[in-house]
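next come a sequence and a model predicted from it.
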Amino acid sequence: MSSPNTPSPNQTAHTPSGQTATNSGTSSRRPLLPWVAGPAWFLAALVTWRWPDADDFPDTNQLAALFCAIGLALTVTTALRRLSARAPWAIALGLGFTAWEIIQAKLLWLPRPFFGTPQDLLDVFLTDWRRLGDSLLHSLGLLAVGYGIGAALGVAIGIGLGRSPRFRYWVRPLIRLIGPLPPVALLPLAFIIIPSSRLASEALLALAAGFPTTILTWSGVAAVDPAYYDVARTMGARNRFLVLRVALPAAMPQIFVGLFMGLGVSFATLVVAEMLGVKSGLGFYMQWAQGWAAYPNMYAALLVMSLMCTGLVTLLFKVRDRVLSWQKDGLKW
């Protein structure tokens, strides 16, 4: 037997904030917005397939099939309730491709060849994927060597600047003289001094990544509380232990900020180096496409480059979140 103060299942219970909620309650309704994502891409497929093109564009049927497949995948994802957060972007992209298809492929409102169609972009990936893939691998290889060397040297030099007054006395003026220079400004000089254009580009990438990493590592090591060193010394710690187990872990948040900054500068240096010296990579591919007025190829290279840069930054964030698991919310991407 229930007490007089216990609300029945169909009565209304008042929450402390003054709002009311029924115990019988209405079941939470599934959001309707994710269900619009699939039809948005089906609309793009229908426009692409049924509306006649204003010119003889390649791969129109393939593009319509691709839009339809994306719409079907989004519908299945919505049914599995895994699209709620990304639904607005999925809808916006579907409607954006629809508008692009109408404006350029169906009505030709924008001047050609500067502005292509979705069909042109798809055709590049279908016909020139080998050259794009080879360019991507060359860019990744060049960036990995240059950025890796620069990041490692930056951390080592930064630790030396923060821990050794004698090292700081000799290296600090050089850092101030060379570090602030834009790496691309040294490109002509590097190609003269270093016989190989690839080695010269890797050296400039190392400079681009090394300077911010050095400064931020130095700042992080210098900011470590001296009491930590004193406690470690009283327990018999040697200088190597102080560097690897005290200074380096304490400076890690600053070091990762420097690595992020160095990665951004390295991207810009990479593109310029490939355009002017290294005859391979995505930068060289873009220059080649512009020279032949193959603007869809240039846009495809830009898209691949964007995905590459985004993927590398995301990977670095994953490493940071794993190393600094206690500070995951400190820096966002």
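Happy to help now that I have it.

low-scoring stretches of the stretch 1-150 of the chain, by residue?
Counting by pLDDT under 70, the stretch 1-150 of the chain shows low-confidence ranges at 1-30.

let me see the ranges of the strands in it.
For the stretch 1-150 of the chain, strands defined by DSSP state E, counting those that start in this stretch occupy the ranges 12-14, 20-22.

show me where the chain has its helices.
34-50, 60-79, 87-100, 118-127, 129-163, 165-178, 187-193, 197-222, 226-234, 239-241, 248-276, 282-291, 295-323 (DSSP state H).

how about the ones you listed in JSON lines, adding mean neighbour count and distance to Pro111?
Quick note: C-beta positions are derived from backbone N, CA and C, even for glycine. Below are the helices of the chain laid out as JSON lines (neighbours: other C-beta atoms under 10 Å; distance: least, C-beta to C-beta, whole Å):
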{"stretch": "helix 34-50", "mean neighbour count": "20", "distance to Pro111": "21"}
{"stretch": "helix 60-79", "mean neighbour count": "18", "distance to Pro111": "21"}
{"stretch": "helix 87-100", "mean neighbour count": "17", "distance to Pro111": "15"}
{"stretch": "helix 118-127", "mean neighbour count": "19", "distance to Pro111": "14"}
{"stretch": "helix 129-163", "mean neighbour count": "19", "distance to Pro111": "25"}
{"stretch": "helix 165-178", "mean neighbour count": "12", "distance to Pro111": "45"}
{"stretch": "helix 187-193", "mean neighbour count": "14", "distance to Pro111": "33"}
{"stretch": "helix 197-222", "mean neighbour count": "24", "distance to Pro111": "35"}
{"stretch": "helix 226-234", "mean neighbour count": "12", "distance to Pro111": "64"}
{"stretch": "helix 239-241", "mean neighbour count": "11", "distance to Pro111": "65"}
{"stretch": "helix 248-276", "mean neighbour count": "21", "distance to Pro111": "25"}
{"stretch": "helix 282-291", "mean neighbour count": "20", "distance to Pro111": "16"}
{"stretch": "helix 295-323", "mean neighbour count": "16", "distance to Pro111": "11"}
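
make JSON lines out of those and add distance to Leu107.
Rendered in JSON lines, the data for the helices of the chain read as follows (distance: least, C-beta to C-beta, whole Å):
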{"stretch": "helix 34-50", "distance to Leu107": "11"}
{"stretch": "helix 60-79", "distance to Leu107": "15"}
{"stretch": "helix 87-100", "distance to Leu107": "11"}
{"stretch": "helix 118-127", "distance to Leu107": "14"}
{"stretch": "helix 129-163", "distance to Leu107": "29"}
{"stretch": "helix 165-178", "distance to Leu107": "54"}
{"stretch": "helix 187-193", "distance to Leu107": "43"}
{"stretch": "helix 197-222", "distance to Leu107": "43"}
{"stretch": "helix 226-234", "distance to Leu107": "68"}
{"stretch": "helix 239-241", "distance to Leu107": "70"}
{"stretch": "helix 248-276", "distance to Leu107": "34"}
{"stretch": "helix 282-291", "distance to Leu107": "25"}
{"stretch": "helix 295-323", "distance to Leu107": "18"}
